[in-house]
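Q: sequence first, then the predicted structure, then my questions.
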Amino acid sequence: MSDSARIPFSIIGTSLSSLKNCRSLISSGMDVATKVAFDLVESFNDDEDVNSMEKVMLEYAEMDREVDNYIRAFEEMISQIKREKPENIPDIENLLKEKLTAIESKNSDSDLQRNEKYMYFVDQLKEMKKQFRHISDNGNDTIEQIDEDIAVTRSQMNFICPITQMEMRRPVRNKVCGHIYEEEAILEIIQSRKQKKKKVRCPKMGCSHVDVKGSDLVPDEALKRVIDSQNKQSWSTLDK
């Protein structure tokens, strides 16, 4: 039996833990890149600067896939070793390479576009560009026209939470049905129903989704920034 085959599981577990920590760091990097892109849009920077952040996100997505490949290879290797008799344990280094090669052979460019944080980035960035371009285009309008546009935009964006019937401060979007709620309000309902072992129907009138979960909710940063921006604009108008 080779020396590599006698490596204790504690060492393998440490390596696996380090890989998972790398994935966590990559996730944090993607969050920072997303925030920078949103800041650029909100500050009306050139599209070239904003688009450069999308390239950064794709690079992060590629790193995330690579780390995930290693984690899966490690987990498959450990699972196989545990099933083997001691005298049949293969060379760990070669087994890991074999598992990793098999996993990487199934990789494709479309994997990167399906990265959850990248998909969120693209979706929110598109909404940010649309809404803040609208605000920028109104820069030279009269106060009356700005007020009218704000009213129209509010109607289109529906800043009102279907639960509280108040303007949202921390909007979250349901990935399943696409509806948006005030974070605290929907989480309170989910928790209350969970204690009664009951499912939560989407509070949006007419929605057929009957199993809203906390894991399905993602912050709608684009909408939050539009709400904050237009509230600032409204207060500025009143001050004048």
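A: Cool, the structure landed.
Q: residue 132: how many residues sit nearby?
A: By other C-beta atoms under 10 Å, 19 other residues sit near residue 132. C-betas here are computed from N, CA, C, even on glycine.
Q: what about it, which helix or strand?
A: helix 116-137 (DSSP states H and E).
Q: residues in contact with that helix: which ones?
A: 27, 30-31, 33-34, 37-38, 41-42, 44, 50, 54, 57-58, 60-61, 64, 112-113, 149, 153, 157, 218, 220-223, 225-226, 229-230, 233 (C-beta atoms under 8 Å, 6 or more residues apart in numbering).
Q: keeping just the C-alphas, turn it into CSV.
A: Included here for helix 116-137 are C-alpha records, laid out as CSV according to Å, rounded to 0.1, in the frame of the first residue of the first chain:
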residue,chain,number,x,y,z
GLU,A,116,-26.7,31.8,-9.1
LYS,A,117,-24.9,34.9,-8.1
TYR,A,118,-24.1,35.8,-11.7
MET,A,119,-27.7,35.3,-12.7
TYR,A,120,-28.8,37.6,-9.8
PHE,A,121,-26.2,40.1,-11.0
VAL,A,122,-27.4,40.2,-14.6
ASP,A,123,-31.1,40.4,-13.6
GLN,A,124,-30.6,43.2,-11.1
LEU,A,125,-28.1,45.1,-13.3
LYS,A,126,-30.6,45.1,-16.1
GLU,A,127,-33.3,46.6,-13.8
MET,A,128,-30.9,49.1,-12.4
LYS,A,129,-29.8,50.3,-15.9
LYS,A,130,-33.5,50.7,-17.0
GLN,A,131,-34.6,52.6,-13.9
PHE,A,132,-31.6,54.9,-13.4
ARG,A,133,-31.5,55.6,-17.1
HIS,A,134,-35.1,56.8,-16.8
ILE,A,135,-34.1,59.0,-13.9
SER,A,136,-31.1,60.4,-15.8
ASP,A,137,-33.3,61.2,-18.9
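Q: longest helix of this protein?
A: helix 47-83 (DSSP state H).
Q: what is that helix packed up against?
A: helix 9-42, helix 92-104, helix 110-113, helix 116-137 (3 or more C-beta pairs under 8 Å, 6 or more residues apart in numbering; DSSP states H and E).
Q: what's the first one packed up against?
A: I take that to be helix 9-42. helix 47-83, helix 116-137, helix 221-239.
Q: now that helix: buried residues?
A: Within helix 9-42, the residues scored as buried using 16 or more other C-beta atoms under 10 Å are 12, 16, 19, 22-23, 26, 29-30, 33-34, 37-38, 40-42.
Q: how about the third one?
A: Counting neighbours by 16+ other C-beta under 10 Å, one finds that the buried residues in helix 110-113 are residue 112.
Q: got a list of contacts for that helix?
A: Residues contacting helix 110-113 (C-beta under 8 Å, 6+ apart): 58, 61, 62, 65, 118, 119.
Q: rounded mean pLDDT for stretch 44-55, please.
A: Averaging pLDDT along stretch 44-55 gives 85.
Q: report the angle between the helix holding residue 132 and helix 47-83.
A: Put simply, helix 116-137 runs at 170 degrees to helix 47-83, going by axes from the mean of the first three to the mean of the last three C-alpha atoms, to 10 degrees.
Q: how is the chain divided into domains?
A: Using automatic domain parsing, the domain parsing of the chain gives 3-118, 138-239.
Q: if we can go back for a sec, show the buried residues in the contacts of helix 110-113.
A: Neighbour counting by 16+ other C-beta under 10 Å classes 58, 61, 62, 65, 118 among the contacts of helix 110-113 as buried.
Q: now distance to residue 171 and pLDDT too, for the residues you listed, in CSV please.
A: Shown next, in CSV, are those (distance: C-beta to C-beta, whole Å; pLDDT from 0 to 100):
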residue, distance to residue 171, pLDDT
58, 27, 95
61, 25, 96
62, 30, 96
65, 30, 96
118, 21, 95
